[in-house]
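Engineer: Provided below are the primary sequence and the corresponding predicted coordinates.
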Amino acid sequence: MSGFDCDLFVIGGGSGGVRAARRAAQHGARVVLAEAAALGGTCVNVGCIPKKLYSYAAHFAHDFADAAGFGWDLPPARFDWQRLKRNRAAEIARLNGVYEALLRDAGVELVRGWATLLDGHAVQVATGAGDRRWRAAHILLATGATPSVPRFPGCELVLTSDQMFDLEPFPRRLVVVGGGYIACEFASIFRGLGAGVTLLYRGGQVLRGFDDDVRRFIAQELAKNGVDLRLHSTVASVARTGGSLAVTLEQGDVLAADAVLYATGRVPNVAGLGLDAAGVAVGAHGNIVVDEGFRSSTPSVFAVGDVSSHLQLTPVALAEAMVVVDRLFGDGGRRMDYALVPTAVFTHPNIGTVGLTEQQARERHGEPRIFLSEFRALRHTLGGGSERTLMKLVVDAQNDRVLGLHMVGPDAGEIVQGFAVAMRAGATKNLFDSTLGIHPTAAEEFVTMREAVTR
């Protein structure tokens, strides 16, 4: 495109930005990507990847406890927090290098520095060598989101999820504030690693938006694992008292903690981007407003991922990036479908879900048929563990189509991923019933549930 320094300028080197830059370059476009921090964004550096690694680490405590029932005599286990941090940091550094190599091999020019829009086509990047400017035919904003902490007395003393992976020292008493998946995951992780954990949530049940049976069940399992779950609880203040923190609740209780994690929400990273200068509109929650093709109010500027999407998930950002690249440099036929997006929550036990909750199905399709199973998995029969598994199907009573599939149990995400394919293909309950199970597995329960529950 004549008159421009590049065809696509990407601001943000997270999952969505890197995917868009690579694919556009592979289409023959001249692409520049600017990133001021480590490549890989939240997911690689302070999100999905390190969180899953720490989840694995935490689960070994359960495995060691179960081993005796299977004939293994083990010496007392000792957890080394410093070693886990070092090994995680080395793996993340390796992934940062992989992302850089992917960009370089695709022919993308990588610029290190803070990028700001000057107008709908001009970008300025503050680098260590001074400011540089580009004129781009198209600009893609993929700057992600950042944790948000409300203002209250002592808010400067609390931590966000970004800081949890390198805490020093290891917190023996951790208070987690929030009821979403990030709060529940960190509560599970640090409890498994040996911390005493109190989880505070102002609502009546954790994981708002998930199926009610899943919410009830995981709350029971969290409590069973030793998490002190306190619902209808709100923090009034946090103060330092000697070597610890005093967390005062509006209900009057005072909790002693070594660290306080606030996981109460994330906000789009739009500060300092120069959106006003480019005429890019934002919504009520600070998100960049885009159309179905992820074009903003300024026709040359697009946005994908957490900075604009209502689903803050890495695979969603990747898929949205592919839509943009296809529209700009491909045949334009790709569309984004937010129905049946599978997701997992890496609590202990894990949660996997795809499709509608029971309540959503009732609101959209009338009274559904519900199939529900709760059991203790085979591995715990000798190990002696009390962990239980929940599986649930939500079925359209009119056409037998499976509308929702939900699981709480080991490797739930691994199991639900495969069923998500079947559901996108329109699988019915009859098709589930006619599919042979793999025995003995937990997954076979999804194809052997025959009796609908009565509500």
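Structural biologist: Arrived safely, thanks for sending.

Engineer: Only C-alpha atoms from now on, for both contacts and neighbour counts.
Structural biologist: Fine.

Engineer: Please go through the protein and pick out the longest strand.
Structural biologist: strand 130-141 (DSSP state E).

Engineer: Quick one: list the elements packing against the next helix or strand after that strand.
Structural biologist: Next in sequence after strand 130-141, counting helices and strands by DSSP states H and E, comes strand 145-147. Where contact means 3 or more CA pairs under 8 Å, 6 or more residues apart in numbering; DSSP states H and E, strand 145-147 is packed against strand 266-268.

Engineer: before we move on, back to that, what's the longest strand of the chain in contact with?
Structural biologist: For strand 130-141, contacts defined as CA atoms under 8 Å, 6 or more residues apart in numbering pick out 1, 4-12, 17, 120-126, 300-304, 307.

Engineer: Can you tell me which of those are classed as buried?
Structural biologist: Buried subset of the contacts of strand 130-141 (neighbour count, 16 or more other CA atoms under 10 Å): 5-12, 17, 120-126, 300-304, 307.

Engineer: among those residues, which are in strands?
Structural biologist: Per DSSP E, the buried ones among the contacts of strand 130-141 map to strands at 6-11, 122-126, 301-303.

Engineer: which one among the residues you listed gets closest to residue 37?
Structural biologist: residue 11 (11.4 Å; CA to CA).

Engineer: which residues touch that closest one?
Structural biologist: Counting by CA under 8 Å, 6+ apart, residue 11 has contacts 17, 33-35, 115, 139-143.

Engineer: Using JSON lines, please lay out the residues you listed together with pLDDT.
Structural biologist: As requested, these are exported to JSON lines (pLDDT from 0 to 100):
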{"residue": "17", "pLDDT": "98"}
{"residue": "33", "pLDDT": "98"}
{"residue": "34", "pLDDT": "98"}
{"residue": "35", "pLDDT": "98"}
{"residue": "115", "pLDDT": "98"}
{"residue": "139", "pLDDT": "98"}
{"residue": "140", "pLDDT": "98"}
{"residue": "141", "pLDDT": "98"}
{"residue": "142", "pLDDT": "98"}
{"residue": "143", "pLDDT": "98"}
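
Engineer: Make TSV from these and add distance to residue 357 to it.
Structural biologist: Below are the contacts of residue 11 laid out as TSV (distance: CA to CA, whole Å):
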residue	distance to residue 357
17	31
33	39
34	40
35	38
115	41
139	37
140	34
141	32
142	30
143	31
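
Engineer: what separates residue 206 from residue 375, distance-wise?
Structural biologist: Distance, residue 206 to residue 375, using CA to CA, to the nearest Å: 22 Å.

Engineer: contact partners of the lowest-mean-pLDDT helix or strand in the chain?
Structural biologist: None of the helices or strands of the chain scores lower by mean pLDDT, DSSP states H and E than helix 379-383, at a mean of 92. For helix 379-383, the external contacting residues (CA under 8 Å, 6+ apart) are 65-70, 386-387.

Engineer: where's it relative to the chain centroid, distance-wise?
Structural biologist: The chain centroid and the centroid of helix 379-383 are separated by 30 Å under CA atoms, centre = their mean, to the nearest Å.

Engineer: For that helix, C-alpha coordinates in PDB please.
Structural biologist: The C-alpha coordinates for helix 379-383 follow below in PDB (Å, rounded to 0.1, in the frame of the first residue of the first chain):
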ATOM      1  CA  ARG A 379      -8.500 -43.300  41.800                       C
ATOM      2  CA  HIS A 380      -9.700 -42.200  45.200                       C
ATOM      3  CA  THR A 381     -11.100 -45.600  46.200                       C
ATOM      4  CA  LEU A 382      -7.600 -46.800  47.200                       C
ATOM      5  CA  GLY A 383      -6.100 -43.500  47.800                       C
END
